[in-house]
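1. Kindly generate the corresponding structure for this input.
(2 chains)
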Amino acid sequence: MTTSTLKERATRATARRPWLARWSDPDDTTLAVILLAPAAILLGVMIVYPVSRLIYTSFLDLSLTSGLPPRFAGLANFRQMPDDPVFWQATWNTVLITLITVPGSLLVGFALALLANLPFRMKWSVRLSLLIPWALPLSFAGLIFGWFFHSEYGVVNDVLNRIGLPGVIWFNSPRLAFAAICLAIIWKASSFMAMIILAGLQTIPRSLYEAADVDGAGRVRQFFEITLPLLKPTIVVALIFRTITALQTFDIPYMMTGGGPGTETATLAMYIHQNTVSFLDLGYGSALAVVMFGLSMCVTALYLRMIRGGGTAS
Amino acid sequence: MSVGRILGLTARLTAGLTGWLLGAAACTFATGASAETALKVFVTSQGQPAIWRTLLDQYEARNPGIKVNIELGGTTSDMQAQYLNTVLTAKDSSLDVLMLDVIRPAQFAAAGWTSPIATDMSAYLRAYAEANTVDGKVVALPAFADSMFLYYRKDLLDKYGLQPPKTWDELADAAKKVTDGEKNPNLQGLSFQGKAIEGAVCTFLVPYWSQGKVVTKDGKLDFDRDAATKSLALWKGFADSGVAKKNIAEVATDDTRKEFQGGNVLFAVNWAYAWAMSQGAESAVAGKVGVARLPAIKGGEQATCLGGWEWGVSAFSKHQDEAKKLVEYLSSPEVSKYIAINGSLLPTYGKLYKDGDVTKAVPWFADAQAIVETAKPRPVTPRYNEVSEAIRTTVNAVLAGATTPADGAAQIEARLKRIIR
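-> Sure thing, here's the model as predicted:
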């Protein structure tokens, strides 16, 4: 079929059904709507609908174990939170995990990226070993580190014993268990950070460093004057990604400690999972998820401000 | 934990794919032929699936046109419940028959997830007839009975001239005497479940009940904080005094079974299934094991926790009649006898406890009926998962030393007050 026949048809159609003409020969506004529609529909189905539904459910008294039909409960689910000790513990743990593992994985990731960017011959092996922790599913990482830190079968205690130190029951102590979890998260996340930063490093032109050499700037000065400022946008993007995933931490503590001892290492995501999947209290679970959603939005807004602030400064 | 889950998922994926391929093949090559009914049975992976497979093979042979596949899931009762909760909340019809922990039929019936079965329950042990009847309707049929027992090393007790202990204090003394005498650093006096799993609920309740206390009375909370403190302090005391190992908070049911089987444990709190494996070819303690009633708190009565598993028919199954027929077979005296002999799973019919073939395979079953019949059920409430979580995480925290027994008891009480009102 040629364009001309299409045009003719369209013209003929215009006479009878004007809306058909707008489809075949659209003006700019219609074209924009048509082109945006797939993305808008996708966003609507995948994000807007579930999030609205979540917010709606958070106002319901909806527990599948009660045998009662859903009932509008206003803010009852949210009012329940301040008196819920596990909610506070899980939220605090989540914030703490974010505060520890985001800078931790940034530092380790940065170091790894600089290492991988060095001009030596076996570069591919370093880059491959960067990829492996990133490619490993989170739950596997949790399982592996759970075994590492097991008091009897774990390799960590074995190493401690070999160098003459007593073994530690890692998961008996809330602090040690928490430290072990943070270590696992940093190990897992720093490879992701390293890859993003490595990509950023490679966009910095060599000529800048050559010029700095000519001007007599040392390696340290070059790092602070060239590498760091030029990497800033990359680092902010990496931080946004990492912070949001840190706020949603679930797999690693779930597999390593199950939140134990007691509920000392539970995270907000684990508590949401427990309330919805185990307790079938969909109302309260949704309310908790709304809180987590709010938390993520706040942090993202903060970072976006930072980027914008950085943009005007430079 | 996850290995079981992953295996379950893989099995499901493979089964699904195979089913689809078979279905496609059937459509292509066997048009017109009557299709066979494929049933899918969810079996707990610690519930000795190999034995059930043998029985299902027999069932398939006797019922042409019926094909039964097993789907395995979750290594612990709570992991399985999480999985079934997701499947059944989604009204997924892929599972026809569900193997359920004794604490679940009431919850599942309340959620409308199991179909009622019209049958007479009078032949079963009373505890199981009750656990599976909700509002006068039979909601599941018993698979096997169970309760917690005290496993002990007969050879070691004999060597030191000791009798199986009747109280926990006697147990601690006996453990001390034997471990001091043996001078084996790997020998633990007592192994029990301190990990935050379903079994830890029973860990807490056994000494609590032993003091004559209950958790709920007529559906209302009737919690005794002192008795709870005493129960938690008892277990923590075992870890502190070296009767149990220091990392007891990491020990799940099957760890207890493995360590006892490996000859590293003098006394173990465990369910009936551990017997068959302790007498197997891979056991270091075959022929050296005795089983007794769990000890009591001094001045109290000997109490134990009612266990066992049930067969339910999923309300979303598209093969209700076939599934019910299968469940009736799996719950029959014939099957109960077979699994008692081959898997040391306790019978659900009173008459089988004295059956010659059964007692030949598992001699102590002859004395077990009275124990099972007096075993106490965990609190029955549709919000049981929350009750369980409140208890088991606290037991775990106390044993890890993160909370004191008194604070732990207060926490359990505070949380139960929010759940059972």
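2. use CA for all of it now, contacts and neighbours both
-> Fine.
3. Could I get the contacting residues of residue 146?
-> Unless you meant another one, I'm taking chain A. Listed by C-alpha atoms under 8 Å, 6 or more residues apart in numbering or on different chains, the contact partners of residue A:146 are A:255, A:256, A:257.
4. Let me rephrase: I mean chain B.
-> For residue B:146, the contacting residues are B:271, B:272, B:306, B:307, B:308, B:309, B:345, B:346, B:372, by C-alpha under 8 Å, 6+ apart.
5. The strand or helix carrying the fifth one - contacts with which helices or strands?
-> Read it as residue B:308. Using DSSP states H and E, residue B:308 falls within strand B:306-313. Strand B:306-313 sits against strand B:97-101, strand B:141-147, helix B:320-330, with contacts defined as 3 or more C-alpha pairs under 8 Å, 6 or more residues apart in numbering or on different chains; DSSP states H and E.
6. Could I get these in a markdown table, plus columns for mean pLDDT and distance to residue B:398?
-> As requested, these are arranged in a markdown table below (pLDDT from 0 to 100; distance: least, C-alpha to C-alpha, whole Å):
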| stretch | mean pLDDT | distance to residue B:398 |
| --- | --- | --- |
| strand B:97-101 | 96 | 26 |
| strand B:141-147 | 96 | 24 |
| helix B:320-330 | 96 | 40 |
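7. sorry, back to before: could you write out the alpha-carbon coordinates of the strand holding residue B:308 in CSV?
-> Only the C-alpha atoms of strand B:306-313 are listed here, as CSV (Å, rounded to 0.1, in the frame of the first residue of the first chain):
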residue,chain,number,x,y,z
LEU,B,306,1.1,-31.9,69.8
GLY,B,307,2.5,-32.1,66.2
GLY,B,308,1.5,-34.0,63.1
TRP,B,309,0.5,-33.1,59.6
GLU,B,310,-2.7,-33.2,57.7
TRP,B,311,-4.0,-33.5,54.1
GLY,B,312,-6.2,-30.7,52.9
VAL,B,313,-7.9,-30.3,49.5
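8. Starting from it, tell me which strands it pairs with and how they run.
-> Here strand B:306-313 has these sheet partners by DSSP bridges: strand B:97-101 (antiparallel), strand B:141-147 (antiparallel).
9. rewinding a little: if you compare the helices and strands packed on strand B:306-313, which one is most tucked away?
-> Highest mean neighbour count among these (mean count of other C-alpha atoms under 10 Å in any protein chain shown): strand B:141-147, with a mean of 28.
10. Starting from it, tell me the next helix or strand along the chain.
-> Past strand B:141-147, the next helix or strand by DSSP H and E is strand B:149-153.
11. Contact residues of chain A facing chain B?
-> Proximity of chain A to chain B, by C-alpha under 8 Å from any C-alpha of the partner chain, involves residues A:64-67, A:139, A:143, A:151, A:169, A:171-174, A:255, A:260-263, A:277-280.
12. Just the buried ones from the residues you listed?
-> A:64-66, A:139, A:143, A:151, A:169, A:171-174, A:255, A:260-263, A:277-280 (16 or more other C-alpha atoms under 10 Å in any protein chain shown).
13. Tell me which stretches of the chain form strands.
-> Using chain A here. A:60-61, A:71-72 (DSSP state E).
14. hm, I was asking about chain B
-> B:37-44, B:66-73, B:97-101, B:133-134, B:137-138, B:141-147, B:149-153, B:188-191, B:216-217, B:220-221, B:265-270, B:289-292, B:306-313.
15. If you tally nearby residues, what's the number for the closest residue to chain A within the stretch 201-350 of chain B?
-> Nearest to chain A in the stretch 201-350 of chain B, going by C-alpha to the nearest C-alpha, is residue B:247, at a distance of 6.4 Å. Neighbours of residue B:247 under the rule other C-alpha atoms under 10 Å in any protein chain shown: 20.
16. Let me see the domain layout of chain B.
-> According to automatic domain parsing, chain B is divided into the following domains: B:2-139+B:306-374, B:147-305+B:380-419.
17. gap between the first one and the chain center?
-> For domain B:2-139+B:306-374, the distance from its own C-alpha centre to the chain's C-alpha centre is 14 Å (C-alpha atoms, centre = their mean, to the nearest Å).
18. Break chain A into its domains for me.
-> Per the record, chain A has its domains at A:3-43, A:84-313, by automatic domain parsing.
19. between those domains, which has the poorest average model confidence?
-> Least confidently modelled of these is domain A:3-43, at a mean of 73 by mean pLDDT.
20. and the residue in the stretch 1-150 of chain B positioned nearest to chain A, how many neighbours does it have?
-> Closest to chain A within the stretch 1-150 of chain B is residue B:82: 5.5 Å, counting by C-alpha to the nearest C-alpha. By other C-alpha under 10 Å, the residues close to residue B:82 number 19.
21. does it really touch residue A:279, like I thought?
-> No - assessed by C-alpha atoms under 8 Å, residue B:82 is found out of contact with residue A:279, at 9.0 Å.
22. What count of nearby residues applies to residue 236?
-> Unless you meant another one, I'm taking chain A. 15.
23. My question was about chain B, not that one.
-> 24.
24. Next: residue B:211.
-> Residues within reach of residue B:211, counting by other C-alpha under 10 Å, total 21.
25. Would you list the phi and psi of it?
-> Dihedral angles of residue B:211 (phi, psi; degrees, to the nearest 10) stand at phi -90, psi 10.
26. Please apply the same query to the one 3 residues further on.
-> Dihedral pair for residue B:214: phi -120, psi 160, per degrees, to the nearest 10.
27. how many neighbours does it have?
-> Neighbour tally, residue B:214, other C-alpha under 10 Å: 18.
28. That one contacts residue B:220, correct?
-> No - assessed by C-alpha under 8 Å, residue B:214 is found out of contact with residue B:220, at 10.5 Å.
29. Tell me who's in contact with residue B:91.
-> residue B:316.
30. Ok, which of the strands of chain B comes nearest residue A:82?
-> Checking the strands of chain B against residue A:82 by C-alpha to C-alpha gives strand B:220-221 as the closest, at 23.5 Å.
31. what residues does the closest one touch?
-> The contact list for strand B:220-221, computed with C-alpha under 8 Å, 6+ apart, reads B:215, B:416, B:417, B:420, B:421.
32. at 10 Å instead, please
-> With contact meaning C-alpha atoms under 10 Å, 6 or more residues apart in numbering or on different chains, strand B:220-221 is reached by B:214, B:215, B:379, B:413, B:416, B:417, B:419, B:420, B:421.
33. Quick one: residues contacting the fifth one.
-> So the one you mean is residue B:416. B:215, B:221, B:222, B:223, B:386, B:387, B:388, B:389, B:390, B:391, B:410.
34. Among those residues, which lie within helices?
-> Counted as lying in helices by DSSP state H, out of those, are B:386, B:387, B:388, B:389, B:390, B:391, B:410.
35. In those, which residue is surrounded by the most others?
-> Highest neighbour count within the ones in helices among the contacts of residue B:416: residue B:391, with 27 neighbours (other C-alpha under 10 Å).
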